[in-house]
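In: next one to model:
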Amino acid sequence: MPKVTEQYKDNRRAQITAAAARCFAAKGVHRTSMSDIIAESGLSAGAIYNHFKSKQEITVSVGATLIKGRVLEAVQALESEAGPVGPGQLLGRALRELDSGRVDDQPLSAVIIQLWAEAVVDETLMVLMQQQIRTIRTGFVGPIKRWAREVHGQTPARAARWADEVSQLLISMATGYVIQRALFPDFDRRKYIADAQRIITSMTP
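Out: Model prediction:
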């Protein structure tokens, strides 16, 4: 019998996770059953349970995959930008990544907000969401510190303090975007992004 490779396992887990995300987008986290995920994945129940013990484990996998695949990678990529990147540019990049993300025909924000709600009563998911938000914030801090030093001539200590303060505001604006994008069908995403960038850009260290 051929040996099952780690790549095969990873591919199967990704297949199951993607199927669950589509179910969550269509029916919601609570209304989605394991039977729904099994049917959507095209795999057998045994194949599903070989990789995940429960729907809760699959939900955590969805949470890890959705955000990591979008905002985290986009923000972390900014560290390698050739020139200093200001907080307004950072925020715009993050919000546009959120805006472009979709799960089937639903916006990414519609699934993210469900995962945040689920995290309130699921400690494992709560820890994951906290880690992701902290990682995004840390991704903001590095470029902002560099921008404050190189563009505004701030001392390293002052640049670090200012970057810490502003990064929290960027997180608040990003989470506010997700909530409004999910709840208001007529939400003007472009105006929100433009207004948020203008406000942040007007702040100088």
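In: in the helix or strand of the chain with the lowest mean pLDDT, what's buried?
Out: Using mean pLDDT, DSSP states H and E, the weakest-scoring helix or strand in the chain turns out to be helix 73-77, at a mean of 72. Of the residues in helix 73-77, 74-75 count as buried by neighbour count, 16 or more other C-beta atoms under 10 Å. Where C-beta positions appear, they are placed from N, C-alpha and C, glycine not excepted.
In: what's the answer for stretch 14-21, then?
Out: Buried-residue list, stretch 14-21, by 16+ other C-beta under 10 Å: 15-21.
In: same question for stretch 134-142.
Out: Under 16+ other C-beta under 10 Å, the buried positions of stretch 134-142 are 135-137, 139-142.
In: same deal with stretch 110-121?
Out: Buried-residue list, stretch 110-121, by 16+ other C-beta under 10 Å: 110-116, 118-119.
In: mind checking which of the buried residues of stretch 134-142 land in strands?
Out: Among the buried residues of stretch 134-142, no residue falls in strands (DSSP state E).
In: just curious, which of those residues is nearest to V166?
Out: Each of those was scored against V166 by C-beta to C-beta, and F140 proved nearest at 7.6 Å.
In: so that closest one is in contact with Q168, correct?
Out: No: counting by C-beta atoms under 8 Å, F140 stays clear of Q168, with 9.0 Å between them.
In: if we can go back for a sec, want to throw the buried residues of stretch 14-21 into JSON lines with distance to R189 and pLDDT?
Out: Below are these laid out as JSON lines (distance: C-beta to C-beta, whole Å; pLDDT from 0 to 100):
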{"residue": "Q15", "distance to R189": "31", "pLDDT": "96"}
{"residue": "I16", "distance to R189": "31", "pLDDT": "97"}
{"residue": "T17", "distance to R189": "26", "pLDDT": "95"}
{"residue": "A18", "distance to R189": "25", "pLDDT": "94"}
{"residue": "A19", "distance to R189": "28", "pLDDT": "96"}
{"residue": "A20", "distance to R189": "26", "pLDDT": "96"}
{"residue": "A21", "distance to R189": "21", "pLDDT": "94"}
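In: next, the buried residues of stretch 192-205.
Out: 192-193, 196-197, 200, 205.
In: and it, how far out from the chain middle?
Out: Put simply, stretch 192-205 sits 21 Å off its chain's centre (C-alpha atoms, centre = their mean, to the nearest Å).
In: residues contacting the residue nearest to G86 when sequence neighbours are not counted?
Out: Spatially, and ignoring its direct neighbours in sequence, G86 is nearest to W147 (5.0 Å; C-beta to C-beta, 6 or more residues apart in numbering). Residues near W147 by C-beta atoms under 8 Å, 6 or more residues apart in numbering: 84-87.
In: inside helices: which ones of these?
Out: Among those, the residues falling in helices (DSSP state H) are P87.
In: and which of the contacts of W147 is nearest Q130?
Out: Distances from Q130 to those, taken by C-beta to C-beta, are shortest for P87, at 22.1 Å.
In: in contact with the closest one, which residues are there?
Out: So P87 contacts 140, 144, 147, 166-167, 170, 200-201, 203 (C-beta under 8 Å, 6+ apart).
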